[in-house]
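# 3D model of this:
(4 chains)
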2 protein chains.
Amino acid sequence: MSIRELAAQTGVSISTVSRVFNLPDKVNTDTRAHVLQMAQAMGYLPNASARSLRMQRSKVLGVVLPTLLNPVFAECLNGIAQAASDAGYAILPMTTDYRLAQEAQAVQQLLAGNVDGLVLVVSNPATSSALQRLRAARLPYVLVYNWHADHPCVSVDSELAVRNVVARLAALGHRSITLISGKLAASDRAQQRQRGFFSGMAAQGLDGSHWLEVPFVETAVKEICALLQRNPHPTALVCSNDLIAIRSIRAAQLAGLRVPQDISIIGFDGIALGEDLTPMLSTITQPNADIGRCGVKLLVQALADGLPLVPSASLLLAHGFRTGESCASVTHP
Amino acid sequence: MSIRELAAQTGVSISTVSRVFNLPDKVNTDTRAHVLQMAQAMGYLPNASARSLRMQRSKVLGVVLPTLLNPVFAECLNGIAQAASDAGYAILPMTTDYRLAQEAQAVQQLLAGNVDGLVLVVSNPATSSALQRLRAARLPYVLVYNWHADHPCVSVDSELAVRNVVARLAALGHRSITLISGKLAASDRAQQRQRGFFSGMAAQGLDGSHWLEVPFVETAVKEICALLQRNPHPTALVCSNDLIAIRSIRAAQLAGLRVPQDISIIGFDGIALGEDLTPMLSTITQPNADIGRCGVKLLVQALADGLPLVPSASLLLAHGFRTGESCASVTHP
DNA sequence: CTGTTAGCGCATTCAT
DNA sequence: ATGAATGCGCTAACAG
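This is a model prediction of the structure:
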């Protein structure tokens, strides 16, 4: 079903049909109604490929995320999809599983798929070859969750958030706090959060040398459990993200520690699921859907303006703290 | 960077360049190497829209899912993405939030986006208008999680699974079992699972009249808690899915019941996260990634054969049971 | 207000 | 083994 057939059946020219769908005002009301009716009857839908080829834009945004198995990114993708849809864009998502090779490949494929722009989270903006290729291709893009002065980003101040959470723990009487960090090489967010931990501990005059690095994808309950079985155990754990916090809670149980009576555990991300857990997860909350939405909005705006998206357009959104049940004050026996 | 420019720079015709990328064997080795090298240097990538227009196929599969906020669908999408990528397809996902209007709209958009085929989960295959439109458009599609004799599907035998789980609970001494079901109108899976509950309870000679219908998206902890506070409370809960089971565990805690000592709670889906919970979720497991993978494989095969995908191609995969910690035998005081 | 025409970038005959 | 020519379906001048 092509525009030509519809035009023939309707008894008008293809330009008129085209106008009906693109510039409806510029066509006679009756003609328009007739065309629309015939289109409906014949099940005509404008061919997206032909339109993309002609217009030199696909109305598709590429999306690159580490994984959808962490709800934080599923929530973000939700926001992305919503904002994209609102702006008339479809999305083409790819996941990297936190691997550089996949990151590069995803960007490569997306470039070949002629998307109009990209929303992505990379391992490390400072060193990402995928990002360089993107710049070389002069394709508009925006990073989400990442933060770097040379790129347009949408994120929260992770470092500050963790520093504040350390202060909060200190105020609750915690002195022995351990950081459970995701692989630092795989994530600049983990690095930021680690910096927040270090500076926070230092600011409280506490020993910030205790931290454990665990994988993002595979569960590390065993390792965390082993750490908790050492005597004395830390009275609080600050985790790189909610998934790791959930695993830490399990590790604590396996180590015979009650949460929060024996140990406080704090996450980062604010995934919705955390609210339904028992104990409810205490965590630093990010506006995940909004992060995605804002990223798309910036991108769409740049696309509309025809201007490149500059680093100075970066947005730092507000984070929060969810007072759950996995964090309590230290009990002095 | 078009094929013409590359051809000009390389000193060959565009047909030769085209052959280098599509029929490499039919071009001289030296010429091929030269073209490839120049392509690399100039950063040439074949334009996907042009190719789609010419080939009348986009190498894109549409995907329609209720939501990505339930990890079961995120896991499935992961499998879909993997299999699609392996077969050289990209994916264009849309979510419906369990709403019929969105379901129809998603299919409509995907049709307009000229995808080559669709993987989807609909509310109800028997009545879905989106599905009818798909058939009318003669676009290959496969349903996942849904099950219906008139459509090609990939799923598990939910009814049998629940029936068996009821038997398992009965064997553990449970007599008072309540079903916490997702909105039946929004999901044929919920209907299947309810049927399994009814027939399972009947088979055990138990009263299967106790069940509660809760939303999929919003949390229904309050309602479930209220149900549990009635005296006497059921000794076991069978839930439509893992997310509802997680909320039920929270509801139990709020109602002052210990899981599993005071009440057993069983989920459905086998989301990975369930293994990291405390108590570890006891649940019926589905091979979520495989369901997605199989769906894509069927679709890709049909696309390759040029044949329509028939209902008789439907696949019923094996389910399992994860013995977690949220289910125990009845303690007789 | 409507029709005619010229490509967008590519794969594919048909020649050579 | 390679090149010239055609058209996929559509939008955007341009002409009327």
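# next one: residue A:114, what pLDDT does it get?
Among the per-residue scores, residue A:114 shows a pLDDT of 88.
# ignore what I typed, I meant residue A:333.
The model's pLDDT for residue A:333 equals 50.
# first to last residue in stretch A:172-185, what's the distance?
The first and final residues of stretch A:172-185 sit 32 Å from each other (CA to CA, to the nearest Å).
# err, stretch A:205-220, not the other one
End-to-end for stretch A:205-220, by CA to CA: 29 Å.
# okay, buried residues for it please.
The neighbour-count check on stretch A:205-220 (16 or more other CB atoms under 10 Å in any protein chain shown) flags A:206, A:208, A:211, A:212, A:213, A:214, A:216, A:217, A:219, A:220 as buried. From N, CA and C alone the C-beta is placed, and that goes for glycine too.
# now the two most distant members of those.
With distances taken as CB to CB, the most widely separated pair in the buried residues of stretch A:205-220 is A:206 and A:217, at 30.6 Å.
# what sits against the residue in chain A positioned nearest to DNA strand D?
Here chain A gets closest to DNA strand D at one residue, residue A:3, 2.5 Å apart by CB to the nearest atom of the strand. Applying CB atoms under 8 Å, 6 or more residues apart in numbering or on different chains to residue A:3 gives the contacts A:14, A:17, A:18, A:44, A:46, A:47.
# please name the nearest non-neighbouring residue to the last one.
What that stands for is residue A:47. residue B:114 (6.0 Å; CB to CB, 6 or more residues apart in numbering or on different chains).
# A helix includes that neighbour, no?
No: read with DSSP: H, G, I helix; E, B strand; the rest coil, residue B:114 is coil and lies in no helix.
# for it, phi and psi?
phi 30, psi 70 (degrees, to the nearest 10).
# circling back: out of the buried residues of stretch A:205-220, which are inside strands?
Mapping the buried residues of stretch A:205-220 onto strands (DSSP state E) picks out A:211, A:212, A:213, A:214.
# now do the same contact list for the last one.
By CB under 8 Å, 6+ apart, residue A:214 lies in contact with A:180, A:181, A:182, A:183, A:220, A:223, A:224, A:244, A:247.
# at 10 Å what do you get?
A:180-183, A:190, A:220-224, A:227, A:239-240, A:244, A:247-248, A:251 (CB atoms under 10 Å, 6 or more residues apart in numbering or on different chains).
# who is it paired with across the strands?
residue A:182 (DSSP bridges).
# where does chain A have low pLDDT?
By pLDDT under 70, the weakly predicted segments of chain A are A:332-333.
# would you turn the ones in strands among the buried residues of stretch A:205-220 into TSV with distance to residue B:306?
Output for these, formatted as TSV (distance: CB to CB, whole Å):
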residue	distance to residue B:306
A:211	57
A:212	55
A:213	51
A:214	49
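# mind listing the strands for the stretch 1-150 of chain A?
Taking DSSP state E, counting those that start in this stretch, the strands of the stretch 1-150 of chain A run over residues A:60-65, A:90-95, A:117-120, A:141-144.
# and these as a markdown table, adding mean neighbour count and distance to DNA strand C?
Below are these laid out as a markdown table (neighbours: other CB atoms under 10 Å in any protein chain shown; distance: least, CB to the nearest atom of the strand, whole Å):
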| stretch | mean neighbour count | distance to DNA strand C |
| --- | --- | --- |
| strand A:60-65 | 26 | 16 |
| strand A:90-95 | 23 | 18 |
| strand A:117-120 | 28 | 18 |
| strand A:141-144 | 27 | 21 |
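# could you dump those to JSON lines with distance to residue B:281?
Output for these, formatted as JSON lines (distance: least, CB to CB, whole Å):
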{"stretch": "strand A:60-65", "distance to residue B:281": "25"}
{"stretch": "strand A:90-95", "distance to residue B:281": "24"}
{"stretch": "strand A:117-120", "distance to residue B:281": "33"}
{"stretch": "strand A:141-144", "distance to residue B:281": "30"}
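# got JSON lines for the ones you listed, with distance to DNA strand D too?
Shown next, in JSON lines, are those (distance: least, CB to the nearest atom of the strand, whole Å):
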{"stretch": "strand A:60-65", "distance to DNA strand D": "15"}
{"stretch": "strand A:90-95", "distance to DNA strand D": "15"}
{"stretch": "strand A:117-120", "distance to DNA strand D": "19"}
{"stretch": "strand A:141-144", "distance to DNA strand D": "24"}
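# looking at the ones you listed, which is nearest to residue B:56?
Comparing the strands of the stretch 1-150 of chain A under CB to CB, the one sitting nearest is strand A:60-65, at 18.7 Å.
# the residue in the stretch 151-300 of chain A that DNA strand C sits nearest to: neighbour count?
The minimum distance from the stretch 151-300 of chain A to DNA strand C, using CB to the nearest atom of the strand, falls at residue A:299 (22.0 Å). Using other CB atoms under 10 Å in any protein chain shown, residue A:299 has 27 other residues around it.
# can you check residue A:102 too?
The burial count for residue A:102: 17, using other CB under 10 Å.
# then residue A:138?
7.
# who are the contact partners of it?
residue A:308.
# that one and residue A:106, how far apart?
18 Å (CB to CB, to the nearest Å).
# next to chain B, which bits of the stretch 151-300 of chain A? Give me the list.
A:219, A:221, A:243-244, A:246-254, A:259, A:271-273, A:275-280, A:289 (CB under 10 Å from any CB of the partner chain).
# and the residues you listed, which of them are in helices?
Cross-referencing these against helices under DSSP state H gives A:221, A:243-244, A:246-254, A:289.
# what's the most distant pair in those?
So, these by CB to CB: farthest apart are A:254 and A:289, at 33.4 Å.
# residue contacts, residue A:7?
Contact partners of residue A:7, counting by CB under 10 Å, 6+ apart, are A:13, A:14, A:15, A:16, A:17, A:18, A:35, A:38, A:44.
# for residue A:87, same thing?
Contacts of residue A:87 (CB under 10 Å, 6+ apart): A:59, A:61, A:296, A:297, A:299, A:300, A:301, A:303, A:304.
# can you name the residues bridging to the second one?
With beta bridges defined as DSSP bridges, residue A:61 has these partners: residue A:91, residue A:117.
# shouldn't it be in contact with residue A:116?
Yes: in terms of CB atoms under 10 Å, residue A:61 counts as a neighbour of residue A:116; the distance is 6.3 Å.
# quick check: neighbours shared by the two?
A:89, A:140, A:299, A:300, A:303.
# redo the residues you listed as TSV? Include distance to residue B:77.
As requested, these are arranged in TSV below (distance: CB to CB, whole Å):
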residue	distance to residue B:77
A:89	19
A:140	26
A:299	22
A:300	24
A:303	26
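# list the ones among those residues that fall in helices.
Checked against DSSP H, the shared contacts of residue A:61 and residue A:116 include these in helices: A:299, A:300, A:303.
# can you redo these as JSON lines with distance to residue B:74?
Listed next are those as JSON lines, based on distance: CB to CB, whole Å:
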{"residue": "A:299", "distance to residue B:74": "23"}
{"residue": "A:300", "distance to residue B:74": "25"}
{"residue": "A:303", "distance to residue B:74": "28"}
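# all helices of chain A, in order?
Going by DSSP H, chain A shows helices at A:3-10, A:14-22, A:29-42, A:48-55, A:71-86, A:100-112, A:129-136, A:158-171, A:188-203, A:221-229, A:242-254, A:288-305.
# packing partners for the fourth one?
If I follow you right, that is helix A:48-55. Secondary-structure packing of helix A:48-55 (3 or more CB pairs under 10 Å, 6 or more residues apart in numbering or on different chains; DSSP states H and E): helix A:14-22, helix B:48-55, helix B:100-112.
# distance to residue A:201 for those - can I get that in CSV?
Shown next, in CSV, are those (distance: least, CB to CB, whole Å):
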stretch, distance to residue A:201
helix A:14-22, 60
helix B:48-55, 50
helix B:100-112, 47
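# export the ones you listed to a markdown table and tack on distance to DNA strand D?
Below are those laid out as a markdown table (distance: least, CB to the nearest atom of the strand, whole Å):
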| stretch | distance to DNA strand D |
| --- | --- |
| helix A:14-22 | 3 |
| helix B:48-55 | 4 |
| helix B:100-112 | 9 |
